[in-house]
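Q: Okay, predicted coordinates and the sequence, questions at the end:
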Amino acid sequence: MEKNKEELLTLAIESSCDETSAAVLRGGREILANIISTQIPIHQKFGGVVPEIASRKHIVNIMPVIDECLRTAGVELKDIDQVAVTYGPGLVGALLVGVSAAKSLAFSLGKPLIGVNHLEGHIFANFLAAPDLEPPFMALVVSGGHTALVDVQGYNRFRMMGQTRDDAAGEAFDKIARVMGLPYPGGPRIDALAKEGDPMAIDFPQALTEKGNYEFSFSGLKSAVLNYINSEKMKGHELNKADIAASFQRSVIEVLVGKAFQAVKEAGRDTLVLAGGVAANSGLEARLREEAEKRGVRFLYPSKILCTDNAAMIGCRGYYQALAGGFSDLYLNAVPGLSLTDK
Amino acid sequence: MSILAIDTATQVSSVAVADEGRLLSELTMQGKLTHSETLLPHIEQVLKMAAVNKEDLTGIAISNGPGSFTGLRIGLAAAKAMSYALHIPLVGVSTLKALAYQLPVPGVRLMCLLDAQKGNAYVESYRWQDSLLQLAEAVKVAKISDIVAGCGKLNEQVILLGDAVQKKIVGKMELPENVQAAMPHLMMPRAAAVAMLGLRELAAGHTDNVMDLEPVYIRRSEAEVLWEKRHPEEAKPTKPTEEM
Ligand SMILES: [Zn+2]
């Protein structure tokens, strides 16, 4: 007898960057286990993720993480109904460890394989955070390498409103943190510093702010901040890091908030969700919340754990993708440059 | 007892199924597709060709380096997951030893070279003595040109094997009189040799731990080497070369 789809057990694997993660979901939204092994302390001394070191950690961590995940979930591997895995975007060597393990598990179990887009996974983290959330809604995706506005019209129907033309917001955060001598990962450090600074202290530029333009560009802002820091150093001034962080963060946030609510309005949505690693930024979250309240828009964002790279969100995306027949074959390869597209 | 063997240490993709004394099937190719794409479909195929159900496998042997870092990890991740899912033992086999195992020729030095980038190779040499493959010189990283020159000074016949020979030596370097390259079909890694070595290891009760087995890289990542150069005071004393 075929299993009720609410009872389907999905094993998900995520290894696109510096976290090795495995999760088991029952149905699309019930997390039985979500184990995340982070490598952040290992990469810290290098000031960023070193791809070869990340891959070496993944191949050591992958089986213990899967094993612990199954034990935590209280599920036997043979009871798993399908295997979902991140196949991009991300670091190719890191992705390949998860993809290879997932394919081998699916083959060994004789169960279907589902290749999942990591960025779609970030959006779907919101379904785990808010059990009553249903499409349609607008999603603002802000992660290390990507900034995008996606109109989620159905579980398998997305319309790209616009995305980044050059640097993603997350890249600008990391670069500026590095130049200010803040330890990796820079995003949360800038967020914390910004709270102590004056966001109006320095006037940094905001790009592509004309109405109806949903593309993002942060390279100009990044250069402006770097130039400012250099010229202050040349003048022998001591850097007011808190003011720089606050002013830079304001520029990023105002662009994101402005475009997000414009998109909500244009698409006629009543809900906005935030997705991706940078979603953990408290300044961004606070401004979006404030603006949403003003406009009567429902605003959601995942908990801190579900914002970071984790396999539960991949399992959730995989589950809904599989309902629409979105399976992969054993030729599935890692696609490091995979992007979000219309579906 | 049926074993599945995998070798993705070089650009060759090779998988084989064997039982004691018989190679049941082997699929070896140097093609355009990546290991990531072909490995699982090839595993499916060799099992079918051998008429062996995956549930009837009793072990997995993985060619575990040295070699291409990414290639090694693709093979090992697949081998580990399969060993875990099918509840069968996993054993790692030296890629260099498996190369030498293909040429059971007594009285010559088998010099196995795997590409280590930038004109270097991981090199290890073997001799057959009393029908046993004996290690002559343990693995090290050296310039390929120095390795070839060094072979010329040896007082014995030398046969060169490995992907570094195919890529960097044949047709590109003059070989000393006592040195020759193996024939093309014997020069590159093949899972049949990995399977035979793996069967012996398993019969001897040797297995590796699925939870923590790592490829034998020999080399650390460039980022670590660079970091230690810049922070000599914090650098840990280097580990002795890994045992093969
Ligand atoms: Zn992410």
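A: Structure's in. What do you need?
Q: right, is stretch B:69-80 up against chain A?
A: Yes. Contact of stretch B:69-80 with chain A is found when judged by C-beta under 8 Å from any C-beta of the partner chain, involving B:69-70, B:73-80. In this view, the C-beta of every residue, glycine as well, is placed from N, C-alpha and C.
Q: what's in contact with that stretch?
A: Applying C-beta atoms under 8 Å, 6 or more residues apart in numbering or on different chains, the contact partners of stretch B:69-80 are A:52, A:55-56, A:58-59, A:62-63, A:92-93, A:96-98, A:100-101, A:103-104, B:6-11, B:35-36, B:39-40, B:43, B:60, B:62-66, B:90, B:92, B:210, B:213-215, B:217.
Q: Filter those to keep only those in contact with the ion.
A: With C-beta under 5 Å from the ion as the criterion, the contacts of stretch B:69-80 include none near the ion.
Q: Those residues in strands, which ones?
A: Counting by DSSP state E, the contacts of stretch B:69-80 place B:6-7, B:60, B:62-63, B:90, B:92 in strands.
Q: farthest pair in these?
A: B:7 and B:90 (14.3 Å; C-beta to C-beta).
Q: more neighbours, those two?
A: A side-by-side neighbour count of residue B:7 and residue B:90, using other C-beta atoms under 10 Å in any protein chain shown, places residue B:7 first with 32 against 22.
Q: To what extent is the nearest residue to the more buried one once chain neighbours are set aside buried, counted in neighbours?
A: Of all residues not flanking residue B:7 in the chain, residue B:63 sits nearest, at 3.8 Å (C-beta to C-beta, 6 or more residues apart in numbering or on different chains). Other residues near residue B:63 come to 36 when the count uses other C-beta under 10 Å.
Q: can you check residue A:328 too?
A: Neighbours of residue A:328 using other C-beta under 10 Å come to 22.
Q: And residue A:141, by the same measure?
A: 25.
Q: do residue A:300 as well
A: The tally of other residues near residue A:300 (other C-beta under 10 Å) stands at 19.
Q: Please tell me how far the closest residue to it other than its chain neighbours sits from residue A:151.
A: Distances taken as C-beta to C-beta, 6+ apart place residue A:273 nearest to residue A:300, at 4.7 Å, with adjacent residues excluded. Distance from residue A:273 to residue A:151, counting by C-beta to C-beta, to the nearest Å: 11 Å.
Q: cool, and residue B:152?
A: In this view, residue B:152 and residue A:151 are 69 Å apart by C-beta to C-beta.
Q: Out of the ones in strands among the contacts of stretch B:69-80, which comes closest to residue B:31?
A: Using C-beta to C-beta, those come closest to residue B:31 at residue B:7, 14.5 Å.
Q: residue contacts, that closest one?
A: Listed by C-beta under 8 Å, 6+ apart, the contact partners of residue B:7 are B:13-15, B:62-63, B:75, B:95, B:98, B:189-191, B:194.
Q: ok, now with 7 Å
A: The contact partners of residue B:7, by C-beta atoms under 7 Å, 6 or more residues apart in numbering or on different chains, come to B:14, B:63, B:75, B:95, B:98, B:189-191, B:194.
Q: what is it paired to in the beta sheet?
A: As for beta bridges, residue B:7 partners with residue B:14 under DSSP bridges.
Q: per-residue pLDDT, it?
A: Note on residue B:7: pLDDT of 98.
Q: Quick check: it vs residue A:40, distance?
A: The value you get for residue B:7 to residue A:40, if C-beta to C-beta is used, is 34 Å.
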